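Undergrad: Sequence isn't available, so here's the structure alone:
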Ligand SMILES: [Zn+2]
């Protein structure tokens, strides 16, 4: 317990917290006019919860997805895991933990005003400066100062709207050159629609990716084992790059609750008949075989996508796959083609596609295709194509 002398002057005044009906709190006027109130009372008025075991243990406040850890007789608090220096230290008075209201307001990007015997305390997460949707990411701009990092958590953003939890992939926060805090919410794998209404712009998650949920999709990494497939001048093997892209695509799809049938899950030699058998026995609703191309002339490059002539479902999926890949990787467009490849002609019952993402025999294209970033873009493009196929 603190040995400090407290209670220089005790006043009772109405406090309006975030515009809610006023309540009475014991106020301590202390140390050159700073106003203190009981920590638990302030957050109870806000709908939050305070746990404090007393003595020197810190109090833990939960409020609107914020976790605020407040020490006793100290200035160094923690807001959502980030250190926040309170302007004044907390105080224990008659067994209760008091916090300086100005310090609290500052920590939560709020304000405090004392007008006609009423204290108006506003706590917020900052002021929303802008929202924009670009490159499959929602970008929030938040006003803030260097001290405060009270930012919305991914969980907090999920609360608005039913489809959001599955959509949210990653939340990153960074400081803009203007000193604002930018929150970027990655929503890959689906669509966001913006609507401008009376209360500003509203973003809604389109349900399309959920139509992939529960689907069984066969992913076939071409070649494997004793069959390396194409070999580039830098030594990259088609079977390895196909494996890497399929791994990334499988991860994308599983996050959308797709049941992935990994046809060639490790580096093994597998006949074409066995690949088709595995897909069929697994009840695949689509079959996508990932390959990389080769040509005796090293200048030949680009993306091409195949389906069998009779399979109109395969043609539709092939077009989607091809268009997404061309848009994502921007390699030469060699077109959607028909071919009587074994894995295509033996699966007329499902949309079956063979994609040749690029040419390993083209030296620059080989190095581009071997990059993780390229493979991730390719995987995302393939995921989008499948999502679009099943939403149609
Ligand atoms: Zn191949």
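TA: Happy to help now that I have it. Nothing here was measured: the structure is a model prediction, and the numbers come from that model.
Undergrad: burial count for the closest residue to the ion within the stretch 201-350 of the chain?
TA: The minimum distance from the stretch 201-350 of the chain to the ion, using Cβ to the ion, falls at residue 291 (3.4 Å). (C-beta placed from N, C-alpha, C; glycine too.) If you count neighbours by other Cβ atoms under 10 Å, residue 291 ends up with 25.
Undergrad: going forward can the numbers begin at 35, since that is how I track them
TA: Got it, first residue is 35 now, which makes that one residue 325.
Undergrad: Surely it is in contact with residue 256?
TA: Yes - applying Cβ atoms under 8 Å as the test, residue 325 and residue 256 come out as touching, 4.0 Å apart.
Undergrad: Name the residues contacting each of the two.
TA: 263, 272, 276, 388 (Cβ atoms under 8 Å, 6 or more residues apart in numbering).
Undergrad: Mind pulling the model confidence for the second one?
TA: With respect to pLDDT, residue 272 scores 97.
Undergrad: what does the last one give?
TA: With respect to pLDDT, residue 388 has a value of 98.
Undergrad: Who does it form a beta bridge with?
TA: Counting by DSSP bridges, residue 388 is bridged to residue 323, residue 340.
Undergrad: count of residues packed around it?
TA: The number of residues packed around residue 388, counting by other Cβ under 10 Å, is 25.
Undergrad: for it, what are its contacts?
TA: So residue 388 contacts 256, 323, 325, 339, 340, 341, 373, 375, 377, 378 (Cβ under 8 Å, 6+ apart).
Undergrad: So which bits of stretch 92-103 are buried?
TA: 92, 93, 95, 97, 98, 99, 100, 102, 103 (16 or more other Cβ atoms under 10 Å).
Undergrad: Report pLDDT for the residue nearest to the third one when sequence neighbours are not counted.
TA: On the basis of Cβ to Cβ, 6 or more residues apart in numbering, the spatially nearest residue to residue 95 that is not a chain neighbour turns out to be residue 102, at 4.0 Å. The pLDDT attached to residue 102 in the predicted structure is 86.
Undergrad: these two touch, right, residue 316 and residue 252?
TA: Yes - counting by Cβ under 8 Å, residue 316 does reach residue 252; the two are 6.5 Å apart.
Undergrad: who touches both of these two?
TA: Both residue 316 and residue 252 are in contact with residue 295, where contact means Cβ under 8 Å, 6+ apart.
Undergrad: which of these two has more neighbours?
TA: A count of neighbours by other Cβ under 10 Å puts residue 252 above the other of residue 316 and residue 252, at 26 against 16.
Undergrad: what's the distance between that one and residue 337?
TA: Distance of residue 252 to residue 337, given as Cβ to Cβ, to the nearest Å: 21 Å.
Undergrad: Near residue 420, how many other residues are there?
TA: Here the count is done by other Cβ under 10 Å, and residue 420 has 30 residues near it.
Undergrad: Check what pLDDT it gets.
TA: Reported pLDDT for residue 420: 93.
Undergrad: can you check residue 394 too?
TA: 97.
Undergrad: Dihedrals phi and psi, it?
TA: Here is the backbone geometry of residue 394 (degrees, to the nearest 10): phi -70, psi -20.
Undergrad: That one and residue 326 touch, don't they?
TA: Yes - between residue 394 and residue 326 a contact is recorded at 4.8 Å, counting by Cβ under 8 Å.
Undergrad: any common contacting residues for the two?
TA: Taking Cβ under 8 Å, 6+ apart as the contact definition, residue 394 and residue 326 share the neighbouring residues 264, 272, 275, 403.
Undergrad: what separates the nearest residue to residue 93 once chain neighbours are set aside from the ion, distance-wise?
TA: Excluding the flanking residues, the one nearest residue 93 by Cβ to Cβ, 6+ apart is residue 86, at 3.8 Å. Distance, residue 86 to the ion, by Cβ to the ion, to the nearest Å: 65 Å.
Undergrad: do the same with residue 129
TA: According to Cβ to the ion, residue 129 and the ion sit 75 Å apart.
Undergrad: Lowest-scoring secondary structure element of this protein by mean pLDDT?
TA: Within the chain, no helix or strand scores below helix 188-192, which has a mean of 32 by mean pLDDT, DSSP states H and E.
Undergrad: ok, the residue of the stretch 235-384 of the chain closest to the ion - contacts?
TA: 256, 257, 263, 272, 276, 388, 389, 390, 391.
Undergrad: Quick check, pLDDT for residue 234.
TA: Residue 234 is given a pLDDT of 34.
Undergrad: And for residue 215?
TA: Confidence at residue 215, expressed as pLDDT, is 46.
Undergrad: Equivalent analysis for the one 10 residues further on, please.
TA: For residue 225, the pLDDT comes out at 48.
Undergrad: Using TSV, lay out the buried residues of stretch 92-103 together with distance to residue 416 and secondary structure.
TA: Formatted as TSV, those follow (distance: Cβ to Cβ, whole Å; DSSP: H, G, I helix; E, B strand; the rest coil):
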residue	distance to residue 416	secondary structure
92	49	coil
93	50	strand
95	45	strand
97	42	strand
98	39	coil
99	34	coil
100	39	strand
102	43	strand
103	44	strand
